[in-house]
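From the sequence below, what's the structure:
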Amino acid sequence: LMLAAVSQAGLEASREYRLHYCACAQLEYDGGFRLVRIGAPPHPALDRDLCLRLLRAAGTPTRVIAHCAAVTDEAVRLAGVLRQSGVAIDTALVENAAMLHDLARAQPEHAARGADWLGELGYPALADIISGHHDLPDHPSAETELLYLSDKLVAGTEIVSLEERFSESYKKCTDDNARRNWERRRSAAEKIVKKYRLEALV
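Prediction:
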């Protein structure tokens with residue numbers, strides 16, 4: 001009722017407001033109330049421990065959690081290299097995205113599903129990065145590119161070369177469509193390596 005009055009949208013229109021569990025509405029007061037934001041979920045600052053708790057709460061298999069940790073180590077390593085070369089990259093964002101990139105690995109369309117979950121939890125920047133870790137979007141951020149590449153450089157928990165990773169994955173291609181997808185992903189990874197001059201490191 002208060003939001004309906006403040007927004008002057010009317011009671012029926014205010015029923016369309018999406019208020020997730022524990023979500024907040026932000027109001028400002030300057031002689032009167034003004035609705036600034038509605039439906040903002042609580043989102044504590046992430047660290048590796050909280051990421052692990054989220055993975056376990058989502059039912060992510062232990063082997064997948066181990067893979068996420070290995071990808072995180074590789075992504076943080078490469079982020080440090082890029083920062084030293086002058087690339088503006090948010091290392092903390094990369095670290096959290098890498099830890100959570102396979103949050104929904106047991107689900108169909110796991111990249112999109114994991115991104116949806118994190119968006120609903122109040123982490124839209126993480127959601128954007130994770131949505132593109134399996135298939136790179138048209139205009140990816142540096143953080144998305146780095147996660148995409150790091151994920152391709154880790155098989156299980158082992159660091160591998162792109163040649164090793166894609167040679168192995170090619171064996172799973174059983175039709176022309178699968179081979180086209182394989183070629184697209186391989187090409188995207190190679191372009192990232194060349195863009196950031198990482199040839200000597202991967």
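
going forward, measure contacts and count neighbours with C-alpha atoms only.
Fine.

Find me the pLDDT at Ala189, would you?
Per-residue pLDDT puts Ala189 at 95.

tally of neighbours for Glu109?
Counted with other CA atoms under 10 Å, residues neighbouring Glu109 total 12.

repeat for His43
His43 has 12 nearby residues by other CA under 10 Å.

separation between the residue nearest to it when sequence neighbours are not counted and His139?
Spatial nearest neighbour of His43, chain neighbours left out: Gly122 (5.3 Å); criterion: CA to CA, 6 or more residues apart in numbering. To His139, Gly122 is 23 Å away according to CA to CA, to the nearest Å.

My guess is the residue nearest to His43 contacts Gly39. True?
No - with contact defined as CA atoms under 8 Å, Gly122 does not reach Gly39; the gap is 9.6 Å.

per-residue confidence at Trp117?
Trp117 carries a pLDDT value of 92.

looking at this, it is in a strand?
No - counting by DSSP: H, G, I helix; E, B strand; the rest coil, one finds Trp117 to be helix, located in no strand.

Let me see the contact set for it.
Shown in contact with Trp117 (CA atoms under 8 Å, 6 or more residues apart in numbering): Ala127.

how does it look with 10 Å?
Applying CA atoms under 10 Å, 6 or more residues apart in numbering, we find Trp117 in contact with 58, 103-104, 123-124, 127.

That one and His101, how far apart?
11 Å.

Which neighbours do these two have in common?
With CA under 10 Å, 6+ apart, Trp117 and His101 have common neighbours Ala127.

which other residues reach stretch 45-62?
Residues contacting stretch 45-62 (CA under 10 Å, 6+ apart): 44, 64-65, 67-69, 72, 92-93, 95-107, 114, 117-118, 123.
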